[in-house]
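Undergrad: Sequence and predicted structure are below.
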Amino acid sequence: MSTNRIIFLMLLLFVLEGSLVPWLIPEGFGGRIIPHFVFVFVMYSALYANRHQALLLGAGFGLLQDVVYYGHLIGAHFFLMGLCGYFAGILMEKKRATIMMALTIIGFACLLYDTGLFFIYKVFRITEASYAWALTNHILPSLFLQLAFALALYVPLRRMFESRSLIAEGDEE
Amino acid sequence: MIGLLSFFRNKRVLMLMVAFIVFIAIIGFSLSDRKELTWPEKVLRDTTGYVQMWFYKPAGWIAGFFEDIGDLRRVYEENEQLRMTAAAYARDKVTYNFIKNENERLQKELHFTEQQKQMNNYSYLIAQVVSVSNDANNRAMIINLGSKNGVKKNMAVVNIDGLIGIVNSVTPFTASVTPITELNETSPNSNSIAATIEGRENESFGILSTYNKETGRLSMTRIPENDKLEIGDTVITSGSGNIYPRGLRVGTIESKQVGEFALTYTATVKPSASFDHLTEVFVVSVPEIDDSEPGDVEE
């Protein structure tokens, strides 16, 4: 699938993530279950395409997120999404990830991403909550949402990103 | 340096360092008190806001429809209550008219300036929430009114239940609202709310400075010692900070403790508005103050 189609899909997802997904989350859980679907896309790109694409997609969509929802500071998502994508790309450079491996890496990346965000806001004294609270309040509940999303779209996303990558597809599991 | 660059691993480290510096620079820039957004930001936000409008509203209607079906049973009770409120309102309206006329006459006699007269004459702009940020620490909401509709930075945003937040930045067609759950005394870009108690507007005072995320309550500090504040009182904005207009409902008092240095009291306030599934909100538009007086500065 061409990069343009991927970007278009991600833009659509970005729009839906802010406007439609909040309605699907039960009332009272709005601040606890937080979708990061675009980030899951970036991770798939890191796992099945290459790290440079993941870096660019992550930085691009992170910046978009930062600018559109500018509340306190710009740059947190920009930096973290790009970085997480790039490092996952380096980690999986020569390997083809199986489904369990992909989900594990996406899970850990989500943890890293949310933790990073939390500490950026903590360092600039925008939030005063403790990390232990943040972990149980929103990081872990949203992790499950992200994993469910990643699992649900594993096959189409893998196909989508893999068809772009140059590595031969002979060693599928 | 050349040696560093020649080695691939170190080039990566170097890039990381550069990225980190850029990151800190951007954050530092965005944290400062910005009056206006740059045009790329405006274009991006307007476009996304426009597209998101197509989704959020219908989603809200559908969700609202199902909630309405669930609410059918409660409608009867609610109707009863509303009838009682309407009767009380009709009685109060008469008194209000008298007092209003009296007040106007007195203002005239005391030679109030036009600005003083118009100060509390707020108008409400109806806005639709377009999208909500997916960041736990920045729950910014985008609404579909912008500077073209007269929305300005620092305007208060309410819904029928109470105060929601404050306009944080505007673009021509959208505005971003920071909810009061982001209030934090130590944060570099957060405003405290001067508050008072409904019914005792001239006697009570306190400052809503911080929202405690762990308990979900606002803390109202600097309450004078002799304040007759009680649990269950309704907290409203007092308007003396000149950022938030006066008389907007914020929440109810849940508990009261002795404050930091035992000189003042601290109370915890339960916000009356819920911040999930918001559709319709009102932007409180303060009348234009053309002659800026020295007293207009925020507290």
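TA: All right, it came through fine.
Undergrad: Mind jotting down where the helices sit in the stretch 101-250 of chain B?
TA: B:114-118 (DSSP state H, counting those that start in this stretch).
Undergrad: residues from it in reach of chain A?
TA: B:130-140, B:142, B:168-169, B:176, B:178, B:181-182, B:184, B:186-189, B:210, B:213-214 (C-beta under 8 Å from any C-beta of the partner chain). Every C-beta, even on glycine, is put in place using the N, C-alpha and C of the backbone.
Undergrad: could you flag which of those residues are buried?
TA: The neighbour-count test (16 or more other C-beta atoms under 10 Å in any protein chain shown) applied to these identifies B:130-140, B:142, B:168-169, B:176, B:178, B:181-182, B:184, B:187, B:189, B:210, B:213 as buried.
Undergrad: circling back: in strands, which of the residues of the stretch 101-250 of chain B next to chain A appear?
TA: B:130-132, B:142, B:168-169, B:176, B:178, B:210 (DSSP state E).
Undergrad: Identify, from the residues you listed, the entry nearest to chain A.
TA: Closest approach between those and chain A, by C-beta to the nearest C-beta: residue B:131, at 3.3 Å.
Undergrad: thought that closest one was touching residue A:23?
TA: No - using C-beta atoms under 8 Å, residue B:131 is not in contact with residue A:23; the gap is 10.7 Å.
Undergrad: Helix or strand for residue A:141, just tell me which one.
TA: Using DSSP states H and E, residue A:141 falls within helix A:140-152.
Undergrad: With adjacent residues omitted, what lies nearest to residue B:191?
TA: residue B:243 (5.2 Å; C-beta to C-beta, 6 or more residues apart in numbering or on different chains).
Undergrad: Now do the contacts for the one you found.
TA: Contact analysis of residue B:243 by C-beta atoms under 8 Å, 6 or more residues apart in numbering or on different chains lists B:154, B:156, B:166, B:191, B:193, B:298.
Undergrad: ChimeraX command for the buried members of these?
TA: Here is the ChimeraX command that selects the buried residues among the contacts of residue B:243 (16+ other C-beta under 10 Å):
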select /B:156,166,191,193
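Undergrad: Report the two of the contacts of residue B:243 separated the most.
TA: B:156 and B:298 (13.0 Å; C-beta to C-beta).
Undergrad: Just name the shakiest helix or strand of chain A by mean pLDDT.
TA: Lowest mean confidence among the helices and strands of chain A (mean pLDDT, DSSP states H and E): helix A:21-24, at a mean of 85.
Undergrad: ranges for the strands of the chain?
TA: This is for chain A. Counting by DSSP E, chain A contains no strands.
Undergrad: Wait, chain B was what I had in mind.
TA: Going by DSSP E, chain B shows strands at B:123-132, B:141-143, B:156-159, B:162-170, B:175-179, B:193-197, B:206-212, B:217-223, B:234-237, B:249-258, B:265-271, B:280-285.
Undergrad: centre of the chain versus the third one, how much separation?
TA: Computed by C-alpha atoms, centre = their mean, to the nearest Å, the separation of strand B:156-159 from the middle of its chain amounts to 6 Å.
Undergrad: which secondary structure elements does that strand contact?
TA: strand B:162-170, strand B:280-285 (3 or more C-beta pairs under 8 Å, 6 or more residues apart in numbering or on different chains; DSSP states H and E).
Undergrad: mean confidence score for the shortest one?
TA: Taken as a whole, strand B:280-285 has an average pLDDT of 89.
Undergrad: wait, does it contact chain A?
TA: No - counting by C-beta under 8 Å from any C-beta, chain A is not contacted by strand B:280-285; separation bottoms out at 14.3 Å.
Undergrad: which residues touch that strand?
TA: So strand B:280-285 is in contact with B:122-129, B:141, B:143, B:145, B:150-151, B:155-159, B:164, B:167, B:175, B:177, B:245, B:248, going by C-beta under 8 Å, 6+ apart.
Undergrad: Give me the nearest residue to residue B:239, chain neighbours excluded.
TA: residue B:246 (2.5 Å).
Undergrad: and the one you found, how many neighbours does it have?
TA: Residues near residue B:246, counting by other C-beta atoms under 10 Å in any protein chain shown, number 18.
Undergrad: same thing with residue B:20?
TA: Neighbours of residue B:20 (other C-beta under 10 Å): 12.
Undergrad: picking that back up, return the member of the contacts of residue B:243 nearest to chain A.
TA: residue B:166 (10.8 Å).
Undergrad: and that closest one, what does it touch?
TA: Applying C-beta under 8 Å, 6+ apart, the residues contacting residue B:166 are B:154-157, B:177-178, B:180, B:191, B:243-244.
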